[in-house]
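Trainee: Here is my input, please return the structure:
(one chain, ligands or ions: 2)
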Amino acid sequence: MCLFCKLVNGEIPSNKVLEDDNFIAFHDINPIAPVHILIIPKVHVEKFQDVKPAMMAEMTIFIQEVAQKMGLDASGYRLVTNNGEDGGQEVPHLHFHLLGGGRLKWTHLHHDNPKESM
Ligand code: 5GP
Ligand code: ZN
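Mentor: Residues are numbered from 1 along each chain as shown. Ligands and ions are numbered 1, 2, ... in the order given. Predicted coordinates for the structure are as follows:
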C-alpha cells in the first residue's frame, strides 16, 4: 500500500489541518516554505494526469478552504503538483503542495543531470 494510503488509514500519523469525506490536508514533513501543506484525495489516484474532472472540481473547493484556513487566501500562495518522473513526483498518490506564508522564489527548475535534483 502506498505511503499516503497508509496516512489515510491512520497507519502513519499526520499533522492534519482539514479533513472531509473525500480529502485530507496535512503539514508536509519537510517544509520548503513557512506554510507547506499537502492535500490528497482519500482514494488512491496516482497522479494529476489520471484524475477525473469531477474529483478535481470537489478538490478545488477543498483546496480553497485549506488556503482560507491557513490565512493565505488574501496574501497569496503557490499550488504545485509534481506529475510523474520528470515532474519529480516521489510519492505516487496525487497530492497538491500548498505553499505560502511569505514571498516565494520563482526560479529555473531544470537539471541537466537529474541526479542533481536528489
Ligand atoms: P512529491 O515529491 O511526491 O511531489 O512530494 C512528496 C512530499 O511528501 C514531499 O514534500 C515530502 O516532504 C512529503 N512527505 C514524504 N513522506 C511524508 C510523510 O510521511 N508525512 C508527511 N507529512 N509528508 C511526507
Ligand atoms: Zn495511495
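
Trainee: right, and the helix or strand after the lengthiest helix in the chain?
Mentor: Identified as the longest helix of the chain according to DSSP state H is helix 53-69. Following helix 53-69 in sequence order, the next helix or strand is strand 77-80 (DSSP states H and E).

Trainee: Relative to the whole chain's centre, how far out is that following strand?
Mentor: 9 Å (CA atoms, centre = their mean, to the nearest Å).

Trainee: Pull out the buried positions in it.
Mentor: Y77 (16 or more other CB atoms under 10 Å). C-beta here means a position set from N, CA and C on the backbone, and glycine is covered the same way.

Trainee: Report the mean per-residue pLDDT for that strand.
Mentor: Strand 77-80 comes out with an average pLDDT of 98.

Trainee: returning to what we had before: tell me what the longest helix of the chain is packed against?
Mentor: strand 16-19, strand 23-27, strand 35-41, strand 96-100 (3 or more CB pairs under 8 Å, 6 or more residues apart in numbering; DSSP states H and E).

Trainee: The third one - which strands sit beside it in the sheet, and in what orientation?
Mentor: Put plainly, it is strand 35-41. Strand pairing for strand 35-41, using DSSP bridges, gives strand 23-27 (antiparallel), strand 96-100 (antiparallel).

Trainee: Do you know the pLDDT at the residue most central in space within the chain?
Mentor: Centroid-nearest residue in the chain, with CA atoms, centre = their mean: F96, separated by 2.4 Å. At F96, the pLDDT value in this model is 99.

Trainee: Spell out which residues sit in contact with the residue nearest to it when sequence neighbours are not counted, please.
Mentor: For F96, ignoring the flanking residues on the chain, the nearest one in space by CB to CB, 6 or more residues apart in numbering is I39 at 4.5 Å. Each residue near I39 by CB atoms under 8 Å, 6 or more residues apart in numbering is listed here: F23, I24, A25, M59, F62, I63, V66, H95, F96, L98.

Trainee: Thanks a lot, see you next time.
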